[in-house]
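Undergrad: Fold the following and give me the result.
(chains A, B, C and D)
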There are 2 protein chains.
Amino acid sequence: MAAMTTDQKLVIAASALLDSGGDEAVTLRAVGRAVGVSHNAPYKHFESRNALLAAVAVAHFATLTDMFRTIRRSAAKPTTKLKRAFKIIIDCGHENPARYRLLFSNPDIAAQGGELERTALATFGEFAEIVRECQSAGQLPGISNKALTGLLFSTMHGLIDREASGRMRPDKGLSGVRPSMDLLIQLLSPNK
Amino acid sequence: MAAMTTDQKLVIAASALLDSGGDEAVTLRAVGRAVGVSHNAPYKHFESRNALLAAVAVAHFATLTDMFRTIRRSAAKPTTKLKRAFKIIIDCGHENPARYRLLFSNPDIAAQGGELERTALATFGEFAEIVRECQSAGQLPGISNKALTGLLFSTMHGLIDREASGRMRPDKGLSGVRPSMDLLIQLLSPNK
DNA sequence: ACCTGAACACCGTTCAAGT
DNA sequence: ACCTGAACACCGTTCAAGT
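TA: Sure, this is the predicted structure:
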């Protein structure tokens, strides 16, 4: 932590504030205080608060890509790989809801394009390859890989977001994201 | 508009501001200005800004329930009814994204519970009945109605939210919410 | 190159005071 | 009962100025 640039320190501080206090806790004043600079020093490193948050998102997307790649290269069965990939995203939604929303549900951040868009597409691409393995193994329908990946990812995202929004009460008959995804996989399986 | 209470005027003004300028445009100062009262007059009618937004959501949920009920009571085929119900929500997501997020993706609003929760559950219930008709007609799997409804609704929500967040670029192989939902219905159909 | 302090134009919310 | 005006404690952002 000695050899860390101010840029990195700012991103790390912003990420910690996001996880501990949610989006509105990431004020430039709090970030500056955590790093030991003034509240407008971040403007010397990032164009705006949104640009700083986009840098946080880039770092997390890169980590997700690595985790997905590790899963894909493992010796597990395709469906096991898929469930592990699901679990990573679902756990993120549960443990760090503000971070999840930054990555997957924030129009202002996604609109920045550039490096963020590239990194996010890489994450999606790794996920798509795991889906492809399931298709090749006959565990998922042999339709367009991208269409199926988008459908699965969107369903998972919808379930996570609805649960985080408090709109998936038990009386709605949905016990959670995981069982719902298991149900979907089962319904989609070509083997009966 | 003569015989309108101040409460109603505030809700209507807030809703209009939400649709035209997004969530951050709904400031109590702007709402007050639109109605012709001071910027803190709303506090005499609602506990907070969030309570005012919750009242906006209640009004829209009630409208959605009515529209779903009308569809359900029509003479159309079950799958046609379902597609019309989808279309109403999808159109809302496209035409009034901020309103859509208020209704379906805002944890702070949903956390208010009370009348909002009841109204939202009624909307969901009407939707579930349309899904049930499709199940009875053999167009959708005969599993738990609530589980299937939640799955369909979550998928639609995930697709809408990902599109609104700018994360469903054409190069991801997804041409839009509607075709993706059609694909899902087709994949889920018991008839082959 | 990098940072600071003061300032600006906003917020939601509170409160004493008016009718 | 209902509303107002001033005030408070925040924001993101800008800018002149310092080293």
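Undergrad: Next one, pLDDT for the residue lying closest to A:Phe104 once chain neighbours are set aside please.
TA: Using Cβ to Cβ, 6 or more residues apart in numbering or on different chains and skipping the chain neighbours, the partner closest in space to A:Phe104 is A:His157 (5.7 Å). All C-beta spots, glycine's among them, are computed from the backbone N, C-alpha and C. Model confidence at A:His157, given as pLDDT, is 97.
Undergrad: Quick one: list the elements packing against the helix or strand that A:His157 is a member of.
TA: Using DSSP states H and E, A:His157 maps to helix A:145-164. With contacts taken as 3 or more Cβ pairs under 8 Å, 6 or more residues apart in numbering or on different chains; DSSP states H and E, helix A:145-164 sits against helix A:78-95, helix A:97-104, helix A:114-136, helix A:177-188, helix B:145-164, helix B:177-188.
Undergrad: Give the rounded mean pLDDT of the helix ranked longest in chain A.
TA: Of all segments of type helix in chain A, defined using DSSP state H, the longest is helix A:49-73. Averaging pLDDT along helix A:49-73 gives 97.
Undergrad: can you check stretch A:106-114 too?
TA: Stretch A:106-114 shows a mean pLDDT of 89.
Undergrad: What of stretch A:133-153?
TA: Averaged over stretch A:133-153, pLDDT sits at 96.
Undergrad: Likewise for stretch A:11-21?
TA: 97.
Undergrad: Need the contact partners of it.
TA: Outside stretch A:11-21, the residues that touch it by Cβ atoms under 8 Å, 6 or more residues apart in numbering or on different chains are A:4, A:25-26, A:30-31, A:34-35, A:52-53, A:55-56, A:59-60, A:96, A:98-99, A:102.
Undergrad: if you set the cut-off to 10 Å instead, what comes out?
TA: The contact list for stretch A:11-21 (Cβ atoms under 10 Å, 6 or more residues apart in numbering or on different chains) reads A:1, A:4-5, A:23-28, A:30-37, A:42, A:45-46, A:49, A:52-60, A:95-99, A:101-102.
Undergrad: re earlier: buried deepest among the helices and strands packed on helix A:145-164, which one?
TA: The highest mean neighbour count among the helices and strands packed on helix A:145-164, using mean count of other Cβ atoms under 10 Å in any protein chain shown, belongs to helix B:145-164: a mean of 24.
Undergrad: so that helix versus helix B:97-104, what angle?
TA: Here helix B:145-164 points in a direction 150 degrees away from that of helix B:97-104 (axes from the mean of the first three to the mean of the last three Cα atoms, to 10 degrees).
Undergrad: returning to what we had before: now the longest helix of chain A against helix A:114-136, angle please.
TA: Going by the same axes, to 10 degrees, helix A:49-73 makes 30 degrees with helix A:114-136.
Undergrad: is helix A:49-73 up against DNA strand D anywhere?
TA: Yes. Helix A:49-73 lies within reach of DNA strand D by Cβ under 7 Å from any atom of the strand, at A:Arg49, A:Asn50.
Undergrad: re the thing from before, nearest to A:Arg72, out of the helices and strands packed on helix A:145-164?
TA: A:Arg72 lies closest to helix A:114-136 among these, at 5.4 Å (Cβ to Cβ).
Undergrad: Dump stretch A:106-116 to PDB, restricted to CA.
TA: Provided in PDB are the C-alpha atoms of stretch A:106-116 (Å, rounded to 0.1, in the frame of the first residue of the first chain):
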ATOM      1  CA  ASN A 106     -26.800   1.800 -13.500                       C
ATOM      2  CA  PRO A 107     -27.600   3.600 -16.800                       C
ATOM      3  CA  ASP A 108     -25.500   6.600 -15.900                       C
ATOM      4  CA  ILE A 109     -22.400   4.400 -15.400                       C
ATOM      5  CA  ALA A 110     -22.900   2.200 -18.500                       C
ATOM      6  CA  ALA A 111     -23.400   5.300 -20.600                       C
ATOM      7  CA  GLN A 112     -19.800   6.200 -20.200                       C
ATOM      8  CA  GLY A 113     -18.800   3.400 -22.700                       C
ATOM      9  CA  GLY A 114     -15.100   3.200 -23.400                       C
ATOM     10  CA  GLU A 115     -13.000   0.900 -21.200                       C
ATOM     11  CA  LEU A 116     -16.000   0.100 -19.000                       C
END
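Undergrad: Can you mark which positions in it are buried?
TA: A:Asn106, A:Ile109, A:Ala110, A:Gln112, A:Leu116 (16 or more other Cβ atoms under 10 Å in any protein chain shown).
Undergrad: Which single one of those residues is nearest to B:Gln139?
TA: A:Ala110 (35.2 Å).
Undergrad: Next, the contact list for A:Arg101, please.
TA: By Cβ under 10 Å, 6+ apart, A:Arg101 lies in contact with A:Leu18, A:Gly22, A:Asp23, A:Gly93, A:Ile109, A:Ile160, A:Asp161, A:Ala164, B:Ser105, B:Pro107, B:Ser165.
Undergrad: Correct me if wrong: A:Leu184 contacts A:Ser154.
TA: No. When contacts are counted by Cβ atoms under 10 Å, A:Leu184 is not listed as touching A:Ser154 (11.0 Å).
Undergrad: Identify the contacts common to these two.
TA: B:Ser154, B:Thr155, B:Leu184.
Undergrad: Please determine how far the first one is located from B:Gln186.
TA: Which is B:Ser154. Look at B:Ser154 and B:Gln186: by Cβ to Cβ, to the nearest Å, they are 18 Å apart.
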